[in-house]
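Chemist: 3D model of this:
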Amino acid sequence: MYQLHYWPTPNGKKVTILLEELGAPYEIVPMNIGRGDQFTEASLKISPNNRMPALVDTAPAGGGEPISVFESGAIMLYLAEKEGRFWPQDTRAKYDVVQWVMWQMANQGPKTGERGHFSRVPPEAGDQSYAQRRFADEVHRMYGVLNNRLFDRRYLTGSEYTVADMICYPWTASWKLQGIDLDEFKYFKRWFEELSARAAVEKGMAVTAGSVEDPASVTPEEQARRRKLLYNQRARPAPEGGLT
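Modeler: This is a model prediction of the structure:
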């Protein structure tokens with residue numbers, strides 16, 4: 001029923017966790033972002049931002065043509081609404097979930113990603129100490145946001161486990177690499193350990209997209225092609241003949 005265009009990153013694993021929790025049938029369509037699969041014309045049709053994941057629902061509610069959804073937060077809300085689970089629909093509870101989904105998409109994901117990016121920048125790119133400090137501090141701050149939120153509730157929106165929890169979890173799975181001491185955030189640690197023990201979370205985090213590429217097999221020419229494609233991206237030109 002669902003085709004998930006996917007690569008095993010935190011953004012992809014958010015969705016596989018939800019699909020496993022739902023017990024919904026899905027097929028993984030590998031989108032190798034290191035190779036640049038996200039820039040193909042076929043990918044652009046379902047993911048205009050040239051990113052993954054993207055979902056294709058081949059049997060949407062009410063029938064009709066397949067529906068495609070891009071951006072992990074939108075995908076999770078779509079799935080939860082269609083399947084009728086993990087997203088309460090009364091106004092207060094609904095928007096309590098929505099605001100944490102938006103928080104993750106606008107804050108936790110991007111800032112944690114930038115921390116990872118600047119920690120890997122080679123020395124020849126120049127001094128990165130300001131960026132490294134800024135994003136390391138932001139990641140630490142966001143663990144504090146989660147910790148304080150979980151001070152008096154079992155899950156992010158109260159007593160009920162929702163997509164708000166699922167969307168935040170994968171970006172915390174690498175807490176050690178992020179330089180975080182879990183003992184500093186005891187309420188977060190309790191939540192993290194509970195989610196880590198869920199069978200569906202374990203399955204969702206373990207989903208792959210085929211065999212791992214051997215870096216030694218990538219030729220210098222292919223490495224150069226990928227660097228040109230993946231780094232310092234600028235706007236794609238629009239097709240001719242559109243509305244003016």
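Chemist: which residues in the protein form strands?
Modeler: Secondary structure of the chain by DSSP state E: the strands cover 2-6, 26-30, 54-57, 67-70.
Chemist: quick one: list the elements packing against the third one.
Modeler: Judged by 3 or more CB pairs under 8 Å, 6 or more residues apart in numbering; DSSP states H and E, the packing partners of strand 54-57 are strand 2-6, helix 41-46, strand 67-70, helix 72-83. Just so you know, the C-beta spots here come from the backbone N, C-alpha and C atoms, and that holds for glycine as well.
Chemist: pull the residues that contact that strand.
Modeler: The contact list for strand 54-57 (CB atoms under 8 Å, 6 or more residues apart in numbering) reads 1-5, 15, 31, 43, 46-47, 66-70, 75, 78-79, 82.
Chemist: and it, average pLDDT?
Modeler: Per-residue pLDDT values across strand 54-57 average out to 98.
Chemist: what residues sit buried inside that strand?
Modeler: Buried residues in strand 54-57, counted by 16 or more other CB atoms under 10 Å: 54, 55, 56, 57.
Chemist: can you redo the residues you listed as TSV with distance to residue 112?
Modeler: Below are these laid out as TSV (distance: CB to CB, whole Å):
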residue	distance to residue 112
54	21
55	22
56	27
57	29
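Chemist: OK, contacts around the residue nearest to residue 166 when sequence neighbours are not counted?
Modeler: Of all residues not flanking residue 166 in the chain, residue 17 sits nearest, at 4.8 Å (CB to CB, 6 or more residues apart in numbering). Neighbouring residues of residue 17 by CB under 8 Å, 6+ apart: 166, 169, 170, 200, 201, 204, 205.
Chemist: the same query, at a cut-off of 7 Å, please.
Modeler: 166, 169, 200, 201, 204, 205 (CB atoms under 7 Å, 6 or more residues apart in numbering).
Chemist: so which of those residues is the most crowded?
Modeler: Among the contacts of residue 17, the one with the most neighbours (other CB atoms under 10 Å) is residue 166, at 28 neighbours.
Chemist: these two touch, right, that residue and residue 14?
Modeler: Yes - with contact defined as CB atoms under 7 Å, residue 166 counts as touching residue 14 (6.1 Å).
Chemist: and the lengthiest helix in the chain, how far from the chain's centre?
Modeler: Using DSSP state H to define each element, the chain has its longest helix at helix 129-149. With CA atoms, centre = their mean, to the nearest Å as the basis, helix 129-149 stands 18 Å off its chain's centre.
Chemist: I'd like to know which elements it is packed against.
Modeler: helix 109-119, helix 186-196 (3 or more CB pairs under 7 Å, 6 or more residues apart in numbering; DSSP states H and E).
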